[in-house]
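**Q** Here's a sequence, model it:
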Amino acid sequence: MEFIANSLISKKIHKLALMLRDMDINVYIYGDIGVGKSHLARFISPNAKLYNNKLNDTENEVIVENIQNDFDFKFKRIIATGYTPLYGDLKDKFTMEIELKPLNERKEDIKDFISLFSNQAKEDLKIDKTIDNIELDLSQNLHSLKRSIYKKLLCDDFDKNDIITILKEFFDKNYTENDSYNSMLKIFDQALIEVLLKKHKSKLQVAKHLKINRHTLTKKVNELEN
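**A** Numbering: from 1, shown residues only. Now for the predicted structure:
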């Protein structure tokens, strides 16, 4: 199992994780959503079983996601994850704590994650395309980064009929009797205007391309912002 480590922070964790593989101690890994806690746990203990209530063999090494205070520490070894540092009685159960920093603090790792997720996406979706100009979403670290790559690959492969199908499904799921025709049109306005403003920078140029009055465009932009 690969552990991407190009940033200084990740290199230190990688070195520590390799040592922990040979140490029979409980390890706790914490950090924000999507930073790779479960992946690091699996890297430290490749043969560990993911804990569930039916797992009773005390000779197992187990991975426990989002460990709680009432957990029964009866197993041979425990690699646990959570969002915050440990405290109280639970802290005493673990010899080692590792904090995984958000992806924006491990920027040197991002390029390899993009390559990894791009290859996964092309294999899963059976689409053989080069993925360029990805608008990276790091709001949920690896989770949102992976989603943004899958979305980009799918959108690049869409045609008009695919878009219409998606819109039909969206309206079928989200339209209510309180929605008006104009409120639905705002969805199209927002997408089109944001893309053109990003491309042309100037409202005057956007208005020219849309063949509408600049004041009409300004009014639409103000409506979208409210």
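**Q** mean confidence for the longest helix along the chain?
**A** Counting residues, the longest helix found in the chain (DSSP state H) is helix 181-200. For helix 181-200, the mean pLDDT works out to 87.
**Q** Show me which residues of it are buried.
**A** Residues of helix 181-200 classed as buried by neighbour count (16 or more other CB atoms under 10 Å): 193, 196. C-betas here are computed from N, CA, C, even on glycine.
**Q** go on, stretch 132-139?
**A** By neighbour count on 16+ other CB under 10 Å, the buried set for stretch 132-139 is 138-139.
**Q** State the three-state secondary structure for the most centrally placed residue in the chain.
**A** Centre of the chain computed as the mean C-alpha position; nearest residue by CA atoms, centre = their mean is residue 143, 1.5 Å away. When classified by DSSP: H, G, I helix; E, B strand; the rest coil, residue 143 comes out as helix.
**Q** Residues touching the longest helix of the chain, excluding its own?
**A** Residues outside helix 181-200 that contact it (CB atoms under 8 Å, 6 or more residues apart in numbering): 171, 175, 203, 206, 209-210, 217, 220-221, 223-224.
**Q** one more time with 6 Å
**A** 206, 220, 224 (CB atoms under 6 Å, 6 or more residues apart in numbering).
**Q** can you give me the offset of that helix from its chain's centre?
**A** From the chain centre to the centre of helix 181-200 is a distance of 25 Å (CA atoms, centre = their mean, to the nearest Å).
**Q** Kindly report the same for stretch 10-19.
**A** Using CA atoms, centre = their mean, the offset of stretch 10-19 from its chain centre is 23 Å.
**Q** now do stretch 2-17
**A** Computed by CA atoms, centre = their mean, the chain-centroid distance of stretch 2-17 equals 19 Å.
**Q** buried stuff in that stretch?
**A** So stretch 2-17, judged by 16+ other CB under 10 Å, has buried residues 3-7, 9-10, 13, 17.
**Q** now that we have the contacts of helix 181-200, which one has the most neighbours?
**A** The most crowded member of the contacts of helix 181-200, judged by other CB atoms under 10 Å, is residue 206 (21 neighbours).
**Q** List the residues that contact that one.
**A** Neighbouring residues of residue 206 by CB under 6 Å, 6+ apart: 196-197, 200.
**Q** ok, now residue 81?
**A** Shown in contact with residue 81 (CB under 6 Å, 6+ apart): 29, 37, 41, 65.
**Q** Over to residue 130. Which of the three states is it?
**A** Under three-state DSSP, residue 130 comes out as coil.
**Q** And the following helix or strand past the longest helix of the chain, how far out from the chain middle?
**A** For helix 181-200, the following helix or strand on the C-terminal side (DSSP states H and E) is helix 203-210. Its chain's C-alpha centre and that of helix 203-210 lie 35 Å apart, by CA atoms, centre = their mean.
**Q** about what we covered before: need the contacts of residue 81 in TSV with distance to residue 59, can you?
**A** Compiled in TSV, those are given as follows (distance: CB to CB, whole Å):
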residue	distance to residue 59
29	22
37	24
41	18
65	21
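**Q** Among the residues you listed, name the ones in helices.
**A** 37, 41.
**Q** Which of the contacts of residue 81 are buried, as a ChimeraX select command?
**A** ChimeraX command restricting the contacts of residue 81 to the buried ones, with burial defined by 16+ other CB under 10 Å:
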select :29,37,41
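**Q** of the contacts of residue 81, closest to residue 98?
**A** Nearest to residue 98 out of the contacts of residue 81 is residue 29 (CB to CB; 4.9 Å).
**Q** Dump the buried residues of stretch 2-17 to a markdown table, plus secondary structure.
**A** Shown next, in a markdown table, are these (three-state DSSP):
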| residue | secondary structure |
| --- | --- |
| 3 | coil |
| 4 | coil |
| 5 | coil |
| 6 | coil |
| 7 | coil |
| 9 | helix |
| 10 | helix |
| 13 | helix |
| 17 | helix |
